[in-house]
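Visitor: I would like to see how this sequence folds:
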Amino acid sequence: MTFVVASPSLSVRGARIAFGDRVVANNLTLEFPGGRTTCLLGRSGVGKTSLLRWLAGLLPGAERAAPLAYMAQRDLLLPWLNLLDNVLLGHRLRGDAVALGAAGPRARTLLAEVGLGHRLGDRPETLSAGMRQRAALARTLCEDRPVVLMDEPFAHLDAVTRLELQDLAARLLAGRTVVLVTHDPLEALRLGHQVRVLSGTPFTVGPVIEPPGPMPRDPADPTLLGLQGRLIAQLRNTA
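Guide: Modelled structure (predicted):
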């Protein structure tokens, strides 16, 4: 899964994100470097998902960076399709038979890598929440896009599976431009080239934090654990 075109950077210039009278961000300017993973942290409700939806072009006034893959908090699996067809949904909707044929083996491989290779013909209602989350991750990775936006992609997984799929995502998304929203400071430090903290209303974005070492980083690394403690303290001090 290697791109022949360099993954682009993402830019936000003077953006205003608002829902009625509630202003989430005002005159926001922000850069997400190309080919690197940026993890966004912040207290619940600060606007992380809104910023991700802005980047995806899903909010009024926003321009979508194309092409991209977007993984929402909900798995959004279609109940009338089996697991394999759900993973291939984007390719089917685009109606490109050649691309669909090429994506089929990739979808099967990804489902096997997330531990669902034996459930290809199953419908979503037969799966646990964690399995559905893994299927949604496989669908996102199957899109094979240079820009990937992910909103809490590992939220419903047990601790061991979460670490394993973080490792998988880090490997398969290498070289892409990734923006990943998470509530877990250690997850952000494991997976991000850079970590940004959102705080306040309207939110502001804190300075770039660059954890040392290659990704995915060892969760037992003392340096990483020290940074985790600092991030938790910073989050606790934000309103």
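
Visitor: how about the nearest residue to Met215, chain neighbours excluded?
Guide: Ala170 (4.8 Å; CB to CB, 6 or more residues apart in numbering). Bear in mind the C-beta positions are built from the backbone N, C-alpha and C, glycine included.

Visitor: how about the residue nearest the centre of the chain, secondary structure?
Guide: Against the mean C-alpha coordinate of the chain, by CA atoms, centre = their mean, the closest residue is Met150 at 1.7 Å. When classified by DSSP: H, G, I helix; E, B strand; the rest coil, Met150 comes out as strand.

Visitor: which residues sit in contact with it?
Guide: 70-71, 140, 169, 178-181 (CB atoms under 8 Å, 6 or more residues apart in numbering).

Visitor: switch the cut-off to 6 Å
Guide: 71, 180 (CB atoms under 6 Å, 6 or more residues apart in numbering).

Visitor: one step back: measure the residue nearest to Met215 to Leu163 for me?
Guide: According to CB to CB, to the nearest Å, Ala170 and Leu163 sit 11 Å apart.

Visitor: cool, Trp80 as well?
Guide: Taken as CB to CB, the span from Trp80 to Leu163 is 33 Å.

Visitor: neighbour-wise, which of these two wins?
Guide: Leu163 (17 against 9; other CB atoms under 10 Å).

Visitor: Can you list the low-confidence ranges for the protein?
Guide: Within the chain, the segments meeting pLDDT under 70 span 1-5, 65-66, 239.

Visitor: returning to that earlier point: report the secondary structure element holding the residue nearest to Met215.
Guide: helix 159-172 (DSSP states H and E).

Visitor: can you pull out the helices in the chain?
Guide: 48-55, 83-87, 89-94, 97-113, 129-142, 159-172, 185-191, 222-236 (DSSP state H).

Visitor: okay if I get the ones you listed as a markdown table plus distance to Ser9?
Guide: Below are these laid out as a markdown table (distance: least, CB to CB, whole Å):
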| stretch | distance to Ser9 |
| --- | --- |
| helix 48-55 | 12 |
| helix 83-87 | 28 |
| helix 89-94 | 23 |
| helix 97-113 | 26 |
| helix 129-142 | 20 |
| helix 159-172 | 20 |
| helix 185-191 | 18 |
| helix 222-236 | 24 |
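
Visitor: Quick check: which of those helices is nearest to Gly14?
Guide: helix 48-55 (12.1 Å; CB to CB).

Visitor: starting at the chain centroid, how far to the closest one?
Guide: 11 Å (CA atoms, centre = their mean, to the nearest Å).

Visitor: Stretch 38-51 too?
Guide: 12 Å.

Visitor: Give me the neighbour count for Val24.
Guide: With other CB under 10 Å as criterion, Val24 counts 23.

Visitor: Let me see the backbone angles for the closest residue to Glu63 other than its chain neighbours.
Guide: If the residues on either side of it in the chain are set aside, Glu63 comes closest to Gly57, at 6.0 Å by CB to CB, 6+ apart. Main-chain dihedrals, Gly57, degrees, to the nearest 10: phi 80, psi 20.
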